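1. sequence-free structure coming up:
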Ligand SMILES: C[S@@+](CC[C@H](N)C(=O)[O-])C[C@H]1O[C@@H](n2cnc3c(N)ncnc32)[C@H](O)[C@@H]1O
């Protein structure tokens with residue numbers, strides 16, 4: 001697993017290389033790059049269908065039967081939001097994989113680290129990605145993002161019990177009925193873990209990606225990728 005606590009993390013995605021600066025000594029956990037972000041991006045890098053080059057009359061791409069994730073990771077025409085983006089590794093990685101309509105969010109004190117990394121990678125990303133302050137469960141901030149989103153991306157965000165309920169509620173509020181949460185997960189607090197999965201079971205269908213489907217160079221025993229989908233309402 002290529003994870004390091006050095007001040008600079010390099011993350012190859014497709015034919016590009018992201019360079020992410022982290023500050024492990026800061027007061028905020030969001031100024032470090034957490035390993036589940038790399039695990040999630042490299043899982044998607046392994047399976048996301050190639051981004052088609054735009055043509056005047058786009059032809060539909062048939063789904064690839066050898067790829068169990070070709071539909072899940074078909075980013076064309078989809079909107080996404082990342083929660084607790086931190087230094088932006090996951091969001092920037094997904095942008096390079098073709099998820100270009102994407103807004104990265106976090107709390108105000110983490111914004112300088114996020115903005116610094118977006119600027120640092122501007123050439124590779126070909127633009128500055130959208131970013132916004134979002135404290136989980138703040139109704140005005142949620143509304144101003146203009147949901148629904150097809151993808152809600154979140155990595156290593158379950159670690160404080162008190163924030164779990166607002167987190168799950170924010171995921172639910174932001175995602176479309178047919179949307180998905182792409183979650184990079186590692187157990188950080190037993191109390192937060194217990195409450196998170198209890199709440200998720202009430203609102204989401206939960207799918208865990210088998211470990212053998214993760215990227216072999218970016219996988220380790222404790223890290224998992226989950227796909228969460230809203231439970232179908234009675235009668236729909
Ligand atoms: C452990 S860090 C993970 C950062 C990044 N996702 C990664 O994997 O590198 C958790 C992130 O969640 C954010 N966060 C924690 N509580 C939050 C809240 N109530 N509202 C919004 N973001 C929050 C933190 O600021 C931090 O950036």
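-> Sure thing, it's come through. Remember, it's a predicted structure, so these values are computed and weren't measured experimentally.
2. Around the ligand, which positions in this structure sit nearby?
-> Contact residues (Cβ under 6 Å from any ligand atom) of the chain with the ligand: 29-30, 33-34, 36-37, 84-87, 89, 106-107, 110, 134-136, 155-157, 159, 163, 166. For every residue, glycine as well, the C-beta is placed using N, CA and C.
3. Mark which of the residues you listed are buried, thanks.
-> When neighbours are counted using 16 or more other Cβ atoms under 10 Å, these contain these buried positions: 29-30, 33-34, 36-37, 84-87, 89, 106, 110, 134, 136, 155-157, 159, 163.
4. So which of the residues of the chain next to the ligand are in helices?
-> 36-37, 89, 163, 166 (DSSP state H).
5. Distance to residue 207 for these - can I get that in a markdown table?
-> Shown next, in a markdown table, are these (distance: Cβ to Cβ, whole Å):
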| residue | distance to residue 207 |
| --- | --- |
| 36 | 16 |
| 37 | 19 |
| 89 | 23 |
| 163 | 24 |
| 166 | 23 |
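6. Distance check, residue 230 against the ligand.
-> From residue 230 over to the ligand the distance is 21 Å, taken as Cβ to the nearest ligand atom, to the nearest Å.
7. Direction included, what does the strand with the most length in the chain pair against?
-> Determined from DSSP state E, the single longest strand within the chain is strand 175-185. Applying DSSP bridges, strand 175-185 is found paired with strand 149-155 (parallel), strand 224-230 (antiparallel).
8. how about those strands in CSV, adding mean pLDDT?
-> Below are those laid out as CSV (pLDDT from 0 to 100):
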stretch, mean pLDDT
strand 149-155, 98
strand 224-230, 98
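9. deepest of those strands, which one?
-> Highest mean neighbour count of the strands paired with strand 175-185: strand 149-155, a mean of 24 (counted as mean count of other Cβ atoms under 10 Å).
10. Residues touching that one, excluding its own?
-> The set of residues external to strand 149-155 that reach it, using Cβ atoms under 8 Å, 6 or more residues apart in numbering, is 34, 36-37, 39-40, 75, 78-84, 89-91, 94, 99, 102, 167, 171, 174-176, 178-185.
11. Now, of these, which are buried?
-> Neighbour counting by 16+ other Cβ under 10 Å classes 34, 36-37, 39-40, 75, 78-84, 89-91, 94, 99, 102, 167, 171, 174-175, 179-185 among the contacts of strand 149-155 as buried.
12. what separates the closest residue to residue 49 other than its chain neighbours from residue 187, distance-wise?
-> In this structure, residue 49 finds its nearest non-sequential neighbour in residue 70, 5.2 Å apart by Cβ to Cβ, 6 or more residues apart in numbering. Distance, residue 70 to residue 187, by Cβ to Cβ, to the nearest Å: 30 Å.
13. Also residue 95?
-> Using Cβ to Cβ, we find residue 95 at a distance of 28 Å from residue 187.
14. which of those two has more neighbours?
-> The residue with more neighbours, out of residue 95 and residue 187, is residue 95; 27 against 14, by other Cβ atoms under 10 Å.
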